[in-house]
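Trainee: Got a predicted structure here, sequence first:
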2 protein chains.
Amino acid sequence: MQVPVLTEPLATKPAFIFDLDGTLVDSVYQHVLAWREGLERCGIELSVWRIHRRVGMSGGLFVNALLRETHQSVTREQVDLLQRFHAEAYARQVGHVRLFPGTSKLLALLTENAVPWAIATSGQMESARHTLKLIDIGSGTPVITRDLVKHAKPDPDLFLAAAEHLKVDIQNCIVVGDSIWDLLAAQRARALGVGVLSGGYGLEELERAGAYRVYQDPLDLLQHLDEVGIRIGID
Amino acid sequence: MQVPVLTEPLATKPAFIFDLDGTLVDSVYQHVLAWREGLERCGIELSVWRIHRRVGMSGGLFVNALLRETHQSVTREQVDLLQRFHAEAYARQVGHVRLFPGTSKLLALLTENAVPWAIATSGQMESARHTLKLIDIGSGTPVITRDLVKHAKPDPDLFLAAAEHLKVDIQNCIVVGDSIWDLLAAQRARALGVGVLSGGYGLEELERAGAYRVYQDPLDLLQHLDEVGIRIGID
């Protein structure tokens, strides 16, 4: 019988994988209205709340889901155009986008205490770059964007890639996200999903999507880190 | 014993009282970002989702609640300034505001079948006027705005005034709204509260605030009018 050899042992201490928009950065409503504007330029009328309930999932699935709801079909060219229109509209809004209370303090505390963390977003690096400027990301922080994986949320690929970069077993990872797509993808990845209300979804929506706990925003999570098993300043 | 004499008997057939923003008109997200812009101009930083969870309530309570969350106090002048900044920012967005699917058809169907209906909104007539232009309101339709009552939602005054104008007992009125403030005010008025998801709140939030039923939007309500006891084309 052959004994498997682990070339590099995985850490057993917990690590964090954060979604970006609506979780660390207060940008969901601006994204939603930018999608709305892009859709309208493509001749697609869709209520804003329906867009809100779909953002955060993979761009391809997002467009598919929206079109299913409007009973329309769409060409590859239209999807590309829609993504360009969204990026243009969002770029005009990005100056109004702010970090949530607690974001900087939470990330700094994790770094200081050697708790590994990463960012995993369904957005393209092109869109995420603007938003990432607001966050003080050390050179060692993995940032996994849509471009780096085959499938985005609710597929688990983004979170699995983040765990791999962190060299932490996905089962020891705490995925923090504001949308049900984050929490569904966390379940599929076998990570622990923690919800935040800061993206504008209801508490019960997040709980029903499998959230282990739900906090208001990064500040509220920071004040309850013990609930997710983070021992800072405790032996 | 004296028998009370009813000078004008109240109708026993049901009537509808509709909230405006987020219920008939797809304007909540634009209002939310307009409040955000106004607050920032007043030097008040507040996450967008917290504003979203407060819109639809009385302007005074809204400002009070927001300030409690930010642990700030505010003068009467600042409140006036905030409302002006909001109105300015919203006026720039109002061109992007559309009716929800089904709004026109639902209201026309009610009118054709002599089901009385009214509009009751926590907004000032100043803001509501732009939005009301999108709706084909007959001359007989009561429109109750913030200016006409002492207290707005979650107080019952707006709905009670609407029922009085309709000459329908409030207990025979179906209040349709997208926010928990509509549903709480409906309970306090002893009307039947019906929720719609089109303002971007979660289903469970509306159910927990006392919704008798929750529909997606006016079109979905139109397709299920029998569930709220409206007999159209039935003896």
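Mentor: Structure's in. What do you need?

Trainee: does stretch A:189-204 come close to chain B?
Mentor: Yes: Stretch A:189-204 lies within reach of chain B by C-beta under 8 Å from any C-beta of the partner chain, at A:L197, A:S198, A:G199, A:G200, A:Y201, A:G202, A:L203, A:E204. For every residue, glycine as well, the C-beta is placed using N, CA and C.

Trainee: list the helices and strands the helix or strand of chain A with the lowest mean pLDDT packs on?
Mentor: None of the helices or strands of chain A scores lower by mean pLDDT, DSSP states H and E than helix A:59-70, at a mean of 74. Judged by 3 or more C-beta pairs under 8 Å, 6 or more residues apart in numbering or on different chains; DSSP states H and E, helix A:59-70 is in contact with helix A:48-52, helix A:76-93.

Trainee: List the contacts of the residue in chain A that chain B sits nearest to.
Mentor: Of all residues in chain A, the one sitting closest to chain B is A:G202 (2.4 Å; C-beta to the nearest C-beta). By C-beta atoms under 8 Å, 6 or more residues apart in numbering or on different chains, the contact set of A:G202 is B:Y201, B:G202, B:L203, B:E204, B:E205.

Trainee: what pairs with A:I144 across the strands?
Mentor: Counting by DSSP bridges, A:I144 forms beta bridges with A:A120.

Trainee: need the contact list for it.
Mentor: Here A:I144 is in contact with A:A118, A:I119, A:A120, A:T121, A:L158, A:A161, A:A162, A:H165 (C-beta under 8 Å, 6+ apart).

Trainee: Considering the residues of stretch A:189-204 next to chain B, which possesses the most neighbours?
Mentor: Tallying neighbours with other C-beta atoms under 10 Å in any protein chain shown puts A:G199 at the head of the residues of stretch A:189-204 next to chain B, with 30 neighbours.

Trainee: pretty sure that residue contacts A:D21?
Mentor: Yes: taking contacts as C-beta atoms under 8 Å, A:G199 lies within contact range of A:D21: 7.4 Å.

Trainee: interface residues of chain A facing chain B?
Mentor: A:26, A:28-30, A:32-33, A:36-37, A:40, A:45, A:47-49, A:52, A:96, A:98, A:100-101, A:197-205, A:208, A:217.

Trainee: switch to 6 Å and redo it
Mentor: Neighbours of chain B within chain A, by C-beta under 6 Å from any C-beta of the partner chain: A:26, A:29, A:33, A:47-49, A:52, A:100, A:198, A:200, A:202, A:204-205.

Trainee: from those residues, which two are the most distant?
Mentor: Using C-beta to C-beta, the residues of chain A next to chain B span at most 25.9 Å, a distance reached by A:S47 and A:F100.

Trainee: what do A:G199 and A:D21 both touch?
Mentor: The contact sets of A:G199 and A:D21 overlap at A:V28 (C-beta atoms under 6 Å, 6 or more residues apart in numbering or on different chains).

Trainee: what stretches of chain A score poorly on pLDDT?
Mentor: A:1-12, A:59-60, A:233-235 (pLDDT under 70).

Trainee: Helices along that one, start to end?
Mentor: For chain A, the helices defined by DSSP state H cover A:28-41, A:48-52, A:59-70, A:76-93, A:103-112, A:125-132, A:157-166, A:180-189, A:203-208, A:218-222.

Trainee: circling back to that earlier point, and of the residues of stretch A:189-204 next to chain B, the nearest to A:I180?
Mentor: Proximity of the residues of stretch A:189-204 next to chain B to A:I180 (C-beta to C-beta) peaks at A:Y201, which lies at 6.8 Å.

Trainee: Top of the contacts of A:I144 by number of neighbours, please.
Mentor: Ranked by neighbour count (other C-beta under 10 Å), the contacts of A:I144 have A:A120 at the top, with 33 neighbours.

Trainee: To what extent is the closest residue in space to A:W117 that isn't next to it in sequence buried, counted in neighbours?
Mentor: Nearest in space to A:W117, with sequence neighbours left out and distances taken as C-beta to C-beta, 6 or more residues apart in numbering or on different chains, is A:F16 at 4.1 Å. For A:F16, the neighbour count with other C-beta under 10 Å is 24.

Trainee: pretty sure A:F16 contacts A:I174?
Mentor: Yes: with contacts counted by C-beta atoms under 6 Å, A:F16 reaches A:I174, the gap being 5.2 Å.

Trainee: ok, A:M125 - contacts?
Mentor: Here A:M125 is in contact with A:T145, A:D147 (C-beta under 6 Å, 6+ apart).

Trainee: Okay, it and A:V97: tell me how far apart.
Mentor: 17 Å (C-beta to C-beta, to the nearest Å).

Trainee: go on, A:M57?
Mentor: Counting by C-beta to C-beta, the gap from A:M57 to A:V97 is 20 Å.

Trainee: just A:D178 next, same as before
Mentor: In terms of C-beta to C-beta, A:D178 sits 14 Å off from A:V97.

Trainee: These two: who's more crowded?
Mentor: The neighbour comparison of A:D178 against A:V97 (other C-beta under 10 Å) goes to A:D178, with 28 against 20.

Trainee: Roughly how far does the more buried one sit from A:V214?
Mentor: 10 Å.

Trainee: Can you work out which residues contact both of those two?
Mentor: Joint contacts of A:D178 and A:V214 (C-beta under 6 Å, 6+ apart) do not exist.

Trainee: correct me, but A:Q124 touches A:V149?
Mentor: No: contact criterion C-beta under 6 Å: A:Q124 and A:V149 do not qualify, at 11.7 Å.

Trainee: Next, count neighbours for the closest residue to A:V228 other than its chain neighbours.
Mentor: Spatial nearest neighbour of A:V228, excluding adjacent residues (C-beta to C-beta, 6+ apart): A:I174 at 5.5 Å. Neighbour count for A:I174, taken as other C-beta under 10 Å: 23.
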